[in-house]
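1. Sequence below, structure please.
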Amino acid sequence: MSALRARLSAMVLAVCLLFTGLAVAAPQRAAAADPGYLMVHFTGEGATSQQMYLSHSTDGLHWNDLNGGGMVLRSTVGTRGVRDPALVRSPDGSRYWIIATDLCIGCGQNWDQAVNNASRNLVVWESTDLVTWSQPWLLNVAGAIPDGRNAWAPEAIWSPETNDYVLYWATNTPLNGATKHRIYAARTSDFRTITTPQLYIDRPGTQEIIDTQIIEMPAGVGNYRYVRASGDGQITLEGSNSIFGTWTDLGNLSAIGLPGSQVEGPMWMKFNGTNKWALYLDQYATNRGYMPVLTTDPSNPATYQKLTSSDYNMGGTKKRHGWILNLTAAEESRVLAGWPNTPAQRLQSFNFQDRYVRQTNFDVRIDPNVSPLDDSRFRLRPGLAGSGTVSFESVNFPGYFLRHSNYDFQLAYNDGTTQFAEDATFRQVAGLADPTWSSFQSYNFPDRYMRHYAYELRLDPITTTTARGDATFRVTS
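-> Alright, predicted model coming up:
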């Protein structure tokens, strides 16, 4: 009997090992209650695609666009375009930063200019809840690098040894007879000031390195505390026991058909509740955005496996070089509530039906033939000041709302004050000129309504037939 039990035990063990080996190809959620994942990314070229977008996944492989697939943050500083974002959480979870490349290809700058004479700054946003973000600011990281010509693809990792962040990025600069992109690094505690940048990663000869991302490994996995993946002609894997220590070349992903000529922008994600990882790679050569490869040991190139296209779904928008955050339950609740897929809509004038409410240089009026169309598109959010009301958030300037000031309308950034919330909140009522349309009554001046006058939007008392027509709108797509 003991021999039979031994044989049965061996068979059970073999089956368990078989399924453990297969699990890397199709990882499952550890538990139904596990929170999911948040990706911040950009979507392509052009002024609106080079902004910040968010996507959510419950399993790390199937992604849903948040905010109706629209941008969630728009840069109003520097080049007014952003790429290659990193999403950084403070160790205590009380603060978050998005740091991104200040670059807008195809909207004022071409690739030659971007390589040789571009912004030396990064763009930074800060938040305490992943939903409400500060106004962006510029952080000059490459200005102190001799003949530093740009600052691309920033990343950051918390350093327990120094109790701050190691911020690292690529800068094109001439050094030792070669002008090329190298990785520089500095330390920061607030992403407003940094220590003097130092050369961090340099490849031999003329070989450039632009994209790199570091992850800290859990105890017992692999032989290194840190693993980094870099785009340097290959997707090169390296290991080290210290962020600023000696790094060992572990190999690359060319054996599975993913050389650096095909993919870039490595982005790590650890699956919840298990020692399995996805390394997302941007398929820039074929213009297809991100794809995942899976591994049970990021330090071992032999463990990486490609998936079939049916094993994952990247959602409706193209996902390009970004960052994935494993959410807590509280974070996930805030994110899903804060970025619902509210449709983008327009406000059509009742008495000038070829005209729509639009913003132009943050002034608000009604116009025909609005271009770009998104200047006249808004998301009707739950009112900032009270239930049963609405506020109008701009589609192409997220975080900006229609608000009145001295009875004149403007598109303004939500500064979080009570005054702003009240000025930007309205009660949607039956149209004053036609009950099948709508009128919008001011929350804090209930005797006044949104109306146009000489095509400009105002907040006025409504006492005449003409004014009732001016204050009536259709909410339409």
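
2. Where do the domain boundaries of the chain fall?
-> 32-338, 344-476 (automatic domain parsing).

3. With mean pLDDT added, can I get these in a markdown table?
-> Below are these laid out as a markdown table (pLDDT from 0 to 100):
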| stretch | mean pLDDT |
| --- | --- |
| domain 32-338 | 96 |
| domain 344-476 | 97 |
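
4. Turn those domains into TSV, including mean neighbour count.
-> Every residue, glycine included, has its C-beta placed from N, CA and C. Compiled in TSV, those are given as follows (neighbours: other Cβ atoms under 10 Å):
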stretch	mean neighbour count
domain 32-338	18
domain 344-476	18
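
5. separation between the closest residue to T43 other than its chain neighbours and R458?
-> Spatially, and ignoring its direct neighbours in sequence, T43 is nearest to S49 (4.5 Å; Cβ to Cβ, 6 or more residues apart in numbering). Distance of S49 to R458, computed by Cβ to Cβ, to the nearest Å: 35 Å.

6. which residue ranges form the helices in the stretch 151-300 of the chain?
-> Along the stretch 151-300 of the chain, no segments are classed as helices by DSSP state H, counting those that start in this stretch.

7. quick one: the strands in it?
-> Taking DSSP state E, counting those that start in this stretch as the test, the strands found in the stretch 151-300 of the chain are 152-159, 164-175, 178-188, 198-201, 211-216, 226-231, 235-240, 248-252, 264-270, 277-282, 290-295.

8. Same check on the stretch 301-450 of the chain?
-> Using DSSP E, counting those that start in this stretch, the strands found in the stretch 301-450 of the chain span residues 305-306, 320-326, 344-349, 356-360, 363-367, 378-382, 390-394, 400-405, 408-413, 426-430, 438-442, 449-453.

9. Contacts made by the fourth one with the rest, please.
-> By Cβ atoms under 8 Å, 6 or more residues apart in numbering, the list of residues contacting strand 356-360 from outside reads 346-349, 364-368, 370, 375-376, 378, 394, 397, 402, 411, 452, 457, 473.

10. before we move on, what about the fifth one?
-> Residues outside strand 363-367 that contact it (Cβ under 8 Å, 6+ apart) are 349, 352, 355-358, 360, 376, 402, 409-411, 452, 455-457.

11. tell me which element L139 is part of?
-> Using DSSP states H and E, L139 falls within strand 137-140.

12. From the chain's centroid, how far away is that strand?
-> 18 Å (Cα atoms, centre = their mean, to the nearest Å).

13. which secondary structure elements does that strand contact?
-> The elements that strand 137-140 packs onto, with contact taken as 3 or more Cβ pairs under 8 Å, 6 or more residues apart in numbering; DSSP states H and E, are strand 121-127.

14. Surely Y53 is in contact with V72?
-> Yes. The pair Y53 / V72 is scored as a contact, 6.3 Å apart, by Cβ atoms under 8 Å.

15. so what's in contact with those two at the same time?
-> Taking Cβ under 8 Å, 6+ apart as the criterion, Y53 and V72 both touch L66.

16. what sits against T418?
-> A385.

17. again with A385
-> When contacts are counted by Cβ under 8 Å, 6+ apart, A385 touches 391, 418, 421-422, 424-425, 443-444.

18. Ramachandran coordinates for the residue lying closest to E331 once chain neighbours are set aside?
-> In this structure, E331 finds its nearest non-sequential neighbour in L130, 5.9 Å apart by Cβ to Cβ, 6+ apart. Backbone geometry at L130, expressed as degrees, to the nearest 10, gives phi 70, psi 0.

19. L130 and W97 touch, don't they?
-> No. Look at L130 against W97 with Cβ under 8 Å: they stay out of range, at 10.9 Å.

20. N252 contacts T236, doesn't it?
-> Yes. Counting by Cβ under 8 Å, T236 is a contact partner of N252 at 5.0 Å.

21. what sits in contact with each of those two?
-> Counting by Cβ under 8 Å, 6+ apart, the residues touching both N252 and T236 are G260.

22. how near is G143 to E155?
-> For G143, the distance to E155 - Cβ to Cβ - is 19 Å.

23. now swap in R474 and tell me
-> R474 is 47 Å from E155, by Cβ to Cβ.

24. For A118, give me its contacts.
-> A118 makes contacts with 79, 102-103, 109, 149-151, as judged by Cβ under 8 Å, 6+ apart.

25. switch to 7 Å and redo it
-> Contact analysis of A118 by Cβ atoms under 7 Å, 6 or more residues apart in numbering lists 103, 109, 149-150.

26. List the contacts of the residue lying closest to P372 once chain neighbours are set aside.
-> Distance criterion Cβ to Cβ, 6+ apart; nearest residue to P372, sequence neighbours excluded, is N396 at 7.1 Å. N396 is in contact with 48, 74, 374-375, counting by Cβ under 7 Å, 6+ apart.

27. V88: which element?
-> According to DSSP H and E, V88 maps onto strand 82-89.

28. can you give me the angle that strand makes with strand 320-326?
-> Orientation of strand 82-89 against strand 320-326 (axes from the mean of the first three to the mean of the last three Cα atoms, to 10 degrees) gives an angle of 10 degrees.

29. on contacts alone, who are the packing partners of strand 82-89?
-> Using 3 or more Cβ pairs under 7 Å, 6 or more residues apart in numbering; DSSP states H and E as the contact definition, the elements that strand 82-89 packs against are strand 37-42, strand 96-102, strand 152-159, strand 320-326.

30. I'd like to know which of those strands is closest to E332.
-> E332 lies closest to strand 37-42 among the helices and strands packed on strand 82-89, at 7.8 Å (Cβ to Cβ).

31. between the following helix or strand past the closest one and strand 264-270, how many degrees?
-> For strand 37-42, the following helix or strand on the C-terminal side (DSSP H and E) is strand 53-57. Orientation check (the same axes, to 10 degrees): strand 53-57 against strand 264-270 gives 40 degrees.

32. Given strand 53-57, what are its sheet partners and their directions?
-> Using DSSP bridges, the strands paired with strand 53-57 are strand 37-42 (antiparallel), strand 63-65 (antiparallel).

33. In contact with Y449: list those residues for me.
-> Going by Cβ under 7 Å, 6+ apart, the list of residues near Y449 reads 439-442, 460, 462, 471.

34. want to throw those residues into TSV with distance to T58?
-> Below are these laid out as TSV (distance: Cβ to Cβ, whole Å):
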residue	distance to T58
S439	41
F440	37
Q441	40
S442	41
D460	48
I462	48
A471	44
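
35. Can you tell me which of those residues lies closest to Y290?
-> F440 (40.7 Å).

36. In contact with that closest one, which residues?
-> Taking Cβ under 7 Å, 6+ apart, one finds 426, 428, 449-450 in contact with F440.

37. Alright, I will stop here.
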